[in-house]
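Student: Provided below for reference: sequence and predicted model.
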Amino acid sequence: MPVLTKLLSLLTAGTMLISGAVYEAAPQHDADGLLFLVNRQYTLSASYTPEDLEMSDVPGQVRRMRPDAAAALKEMFQACKEETKCQLISISGFRSYEKQAGIYSRKLRSVRKDVAKAQEYVAPPGASEHQTGLAMDIGQKNKAHLEVSFRDTEGGKWCAENCWRFGFILRYGEGEEWESITGYKYEPWHFRYVGKEFAKAIHEANVPLETWLIDYRIKTMQDMIGRVPIAATPTDLE
Ligand SMILES: [Zn+2]
């Protein structure tokens, strides 16, 4: 009987370890984490709003973001000003599900209900990163906004090269390979906060967040598997 009890407790411990491992290796499902994945496949519910939002202290509009992202944005804009003399501005940060639904239905009407056309740039409600409070559309003062030409502005170039230093990544890169994975056309203005540690790694990998997350999960699971035998050695059964 004691052996059976021990076996049962080991089984319970094993199950807990495995479910913990799965959770740790699945940061893309943690809406309040930094690696939450939002795209056309992984969507947010209509009721999701970040617990905390604050105005980023930067010039521009729609400045609300999650506090860590808002602080990082300010740091990034200041560094750009110091290093290039360019003034960056915020164009669009946090956006609620309802707001996204409104934008989407207007876009759909403007392209005569051509869903594929509408979705090239406008995400359906629930599929926009802006609902996480971690995304910001950035522009340069007195330049065209939300246009591919942002890439060629001094501010746009600086952002693409330096955003990772402040915890941001360029979320929708250029080229067929990126677009087929992210599901979005190239958006040189859209930056996503993931925190400094992850941003550096993702920038160095130079792949879409979707691809990087798969590699990250495999590595995390391998680490977990390596740890399992330590918790269940044969001597525990004696
Ligand atoms: Zn955006």
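Tutor: Sure, I can see it.

Student: Would you pull up the residue in the protein closest to the ion?
Tutor: Relative to the ion, the nearest point of the chain is residue 190 (3.6 Å; C-beta to the ion). The C-beta positions use only the backbone N, C-alpha and C, and glycine is treated the same way.

Student: tell me which helix or strand of this structure sits lowest on mean pLDDT?
Tutor: Within the chain, no helix or strand scores below helix 2-24, which has a mean of 58 by mean pLDDT, DSSP states H and E.

Student: quick one: low-confidence parts of the chain?
Tutor: Applying pLDDT under 70 to the chain flags the ranges 1-25, 228-238.

Student: Do a quick rundown of the helices in it.
Tutor: Here the chain has its helices, by DSSP state H, at 2-24, 67-84, 97-110, 115-118, 154-162, 176-182, 196-205, 209-231.

Student: could those be laid out in TSV, adding mean neighbour count and distance to residue 43?
Tutor: Shown next, in TSV, are these (neighbours: other C-beta atoms under 10 Å; distance: least, C-beta to C-beta, whole Å):
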stretch	mean neighbour count	distance to residue 43
helix 2-24	12	20
helix 67-84	18	20
helix 97-110	15	10
helix 115-118	12	15
helix 154-162	18	27
helix 176-182	14	14
helix 196-205	16	21
helix 209-231	14	14
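
Student: could you dump these to TSV with distance to the ion?
Tutor: Output for these, formatted as TSV (distance: least, C-beta to the ion, whole Å):
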stretch	distance to the ion
helix 2-24	28
helix 67-84	13
helix 97-110	11
helix 115-118	15
helix 154-162	13
helix 176-182	12
helix 196-205	17
helix 209-231	14
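
Student: Same list (those helices) but as a markdown table, adding distance to residue 41.
Tutor: As requested, the helices of the chain are arranged in a markdown table below (distance: least, C-beta to C-beta, whole Å):
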| stretch | distance to residue 41 |
| --- | --- |
| helix 2-24 | 19 |
| helix 67-84 | 23 |
| helix 97-110 | 16 |
| helix 115-118 | 16 |
| helix 154-162 | 26 |
| helix 176-182 | 11 |
| helix 196-205 | 19 |
| helix 209-231 | 9 |
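
Student: who wins for proximity to residue 127 among those helices?
Tutor: helix 97-110 (8.1 Å; C-beta to C-beta).

Student: Mind giving me the packing neighbours of the closest one?
Tutor: helix 115-118 (3 or more C-beta pairs under 8 Å, 6 or more residues apart in numbering; DSSP states H and E).

Student: Packing partners of the helix it packs on?
Tutor: Packing contacts for helix 115-118, counted by 3+ C-beta pairs under 8 Å, 6+ apart, involve helix 97-110.

Student: residues in contact with the helix it packs on?
Tutor: The contact list for helix 97-110 (C-beta atoms under 8 Å, 6 or more residues apart in numbering) reads 44-48, 95, 114-115, 118, 121-126, 128, 130-131.

Student: Give me the PyMOL select line for these, limited to the buried ones.
Tutor: Buried residues among these (16 or more other C-beta atoms under 10 Å), as a PyMOL selection:
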select buried, resi 44+48+95+118+122+123+124+125+126+128+130+131
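
Student: OK, contacts around residue 190?
Tutor: 129, 135-138, 170-172.

Student: ok, and the most crowded of those?
Tutor: Top of these by neighbour number is residue 136, holding 32 neighbours under the definition other C-beta atoms under 10 Å.

Student: Burial check on the closest residue to it other than its chain neighbours, number of neighbours?
Tutor: Of all residues not flanking residue 136 in the chain, residue 93 sits nearest, at 4.9 Å (C-beta to C-beta, 6 or more residues apart in numbering). If you count neighbours by other C-beta under 10 Å, residue 93 ends up with 26.
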